[in-house]
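**Q** I'd like to go over a predicted model; first the sequence, then the structure.
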Amino acid sequence: MAGNIINGEILGSLEYAAEHLGVQQIVVLGHNRCGAVSATVGGGTVHGNIGSLVRAILRAVTKTQNAPGDLVDNTARENVELNLQKIKTQSHVLEEMIREGKMQTAGAYYNLDTGEVEFL
């Protein structure tokens, strides 16, 4: 999913995976040089439904725009955190499973250059 965005359909898929397929861990994985994040940071005109991705990432841009370091990298990392929070707060099914210890969530960041995964 471009921009590792969590919406209602994705939450439904995650709930199905947890309840019916026995998935016990969800990892939201961002990466450096993310095109969706770069497009959002860069602004400009987007066409079609790409605008919904940009709108979903804007909150992460706003939260990181004054932070030191690279804005795209900072935004991609923040976007992981914000979408983890959506999983934990916008799905009663997953929220309950997490509370009961039946589900774990984690955020991670993949470096395309080195192949390393950093858990956040």
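**A** Good, I have the coordinates. Numbers count the residues shown, from 1 in each chain.

**Q** how close does the spatially closest residue to Val61 that is not a sequence neighbour get to Ala36?
**A** Distances taken as CB to CB, 6 or more residues apart in numbering place Thr75 nearest to Val61, at 5.1 Å, with adjacent residues excluded. C-beta: built from backbone N, CA, C; applies to glycine. Distance, Thr75 to Ala36, using CB to CB, to the nearest Å: 10 Å.

**Q** more neighbours, these two?
**A** Set Thr75 next to Ala36 and count neighbours by other CB atoms under 10 Å: Thr75 wins out with 29 against 21.

**Q** so who does the nearest residue to Leu120 once chain neighbours are set aside touch?
**A** Take Leu120 and drop its neighbours on the chain: the residue closest to it by CB to CB, 6+ apart is Gly107, 4.1 Å away. Neighbouring residues of Gly107 by CB atoms under 8 Å, 6 or more residues apart in numbering: 27-30, 80-81, 84, 119-120.

**Q** in PyMOL, select just the buried ones from the residues you listed.
**A** Here the buried members of these are turned into a PyMOL selection, burial being counted by 16 or more other CB atoms under 10 Å:
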select buried, resi 28+30+80+84
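
**Q** so which of the contacts of Gly107 sit within helices?
**A** 80-81, 84 (DSSP state H).

**Q** closest one of those residues to Thr62?
**A** Glu81 (13.4 Å; CB to CB).

**Q** tell me the SS of the spatially closest residue to that closest one that is not a sequence neighbour?
**A** The shortest distance from Glu81 to any non-neighbouring residue, by CB to CB, 6+ apart, is to Gly107 (5.8 Å). Put simply, Gly107 is strand when judged by DSSP: H, G, I helix; E, B strand; the rest coil.

**Q** cool, and Glu78?
**A** Once three-state DSSP is applied, Glu78 turns out helix.

**Q** pull out the buried residues from stretch 89-104.
**A** 91, 94, 97-98, 103.

**Q** let me have these in JSON lines, extended by pLDDT and distance to Val23.
**A** Converted to JSON lines, the buried residues of stretch 89-104 look like this (pLDDT from 0 to 100; distance: CB to CB, whole Å):
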{"residue": "Ser91", "pLDDT": "95", "distance to Val23": "13"}
{"residue": "Leu94", "pLDDT": "97", "distance to Val23": "10"}
{"residue": "Met97", "pLDDT": "96", "distance to Val23": "10"}
{"residue": "Ile98", "pLDDT": "96", "distance to Val23": "12"}
{"residue": "Met103", "pLDDT": "96", "distance to Val23": "8"}
